[in-house]
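Asks: Okay, structure incoming, though there's no sequence with it:
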């Protein structure tokens, strides 16, 4: 599904984010950038250990913030590691919005045209999928409407059907 935001677009798809041919993929990262499971683990397995090695040099990234590494053997040029909140830590919505916004701002800073983003925090961090997908989609649309950005395509990519369907449900409300 595609949602137009002015001359930009948001594409919602069920797919493997590591296979996306975009300028950058966003990784749902933990603050220590240890990429063992979930999306992060898949990115390192496909992209190679260079991603983890570069992450180790960066070290710690606070919740809501981002860091950038190369993408190793992935089709993308960069991985933008966005640290979302764990459910129950407090102020989760504001932190998730900040992580999404900072990922998009970093893509703009790098003069990128396209990025693919997963449902940050809705996996092992426990953020409820319905709420998290709504917040992510709203923040992407708001950013594309309000910001001067080089990004003209944001792909919201989920490997699982339930998350994909939640993104679709929220996108239908935008029409």
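Replies: All right, it came through fine. None of these values were measured; they are calculated from a predicted model.
Asks: mind listing the helices for the protein?
Replies: 38-47, 49-58, 92-109, 129-146, 161-174 (DSSP state H).
Asks: will you turn the ones you listed into a markdown table that also has mean neighbour count and mean pLDDT?
Replies: All C-beta spots, glycine's among them, are computed from the backbone N, C-alpha and C. Putting the helices of the chain into a markdown table (neighbours: other CB atoms under 10 Å; pLDDT from 0 to 100) gives the following:
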| stretch | mean neighbour count | mean pLDDT |
| --- | --- | --- |
| helix 38-47 | 20 | 92 |
| helix 49-58 | 16 | 96 |
| helix 92-109 | 21 | 98 |
| helix 129-146 | 20 | 96 |
| helix 161-174 | 16 | 93 |
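Asks: Of all the ones you listed, which one comes closest to residue 22?
Replies: helix 92-109 (9.6 Å; CB to CB).
Asks: so that closest one versus helix 129-146, what angle?
Replies: 40 degrees (axes from the mean of the first three to the mean of the last three CA atoms, to 10 degrees).
Asks: helices or strands next to helix 92-109 in the packing?
Replies: strand 66-70, strand 78-83, strand 114-117, helix 129-146 (3 or more CB pairs under 8 Å, 6 or more residues apart in numbering; DSSP states H and E).
Asks: Stretch 63-70 - what's its average pLDDT?
Replies: Stretch 63-70 shows a mean pLDDT of 98 in the predicted model.
Asks: Let me see the confidence value for the residue positioned nearest the centre of the chain.
Replies: Centroid-nearest residue in the chain: residue 117, 3.0 Å away (criterion: CA atoms, centre = their mean). pLDDT, residue 117: 98.
Asks: Okay, and the beta partners of the closest residue to it other than its chain neighbours?
Replies: Closest residue to residue 117 apart from its sequence neighbours, by CB to CB, 6 or more residues apart in numbering: residue 26 at 4.1 Å. Bridge pairing for residue 26 (DSSP bridges) gives the partners residue 80.
Asks: Okay, residue 26 and residue 90: tell me how far apart.
Replies: Per CB to CB, to the nearest Å, residue 26 is found 23 Å from residue 90.
Asks: Between those two, tell me which one has more neighbours.
Replies: Per other CB atoms under 10 Å, whichever of residue 26 and residue 90 has more neighbours is residue 26, with 31 against 8.
Asks: got the contact list for the more buried one?
Replies: 79, 80, 81, 82, 103, 115, 116, 117, 118, 120 (CB atoms under 8 Å, 6 or more residues apart in numbering).
Asks: Looking at the residues you listed, which is nearest residue 63?
Replies: Relative to residue 63, and with distances defined as CB to CB, the nearest of those is residue 82, at 9.8 Å.
Asks: Can you lay out the helices of the chain as JSON lines showing distance to residue 73?
Replies: JSON lines is the format used below for the helices of the chain (distance: least, CB to CB, whole Å):
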{"stretch": "helix 38-47", "distance to residue 73": "5"}
{"stretch": "helix 49-58", "distance to residue 73": "8"}
{"stretch": "helix 92-109", "distance to residue 73": "21"}
{"stretch": "helix 129-146", "distance to residue 73": "27"}
{"stretch": "helix 161-174", "distance to residue 73": "25"}
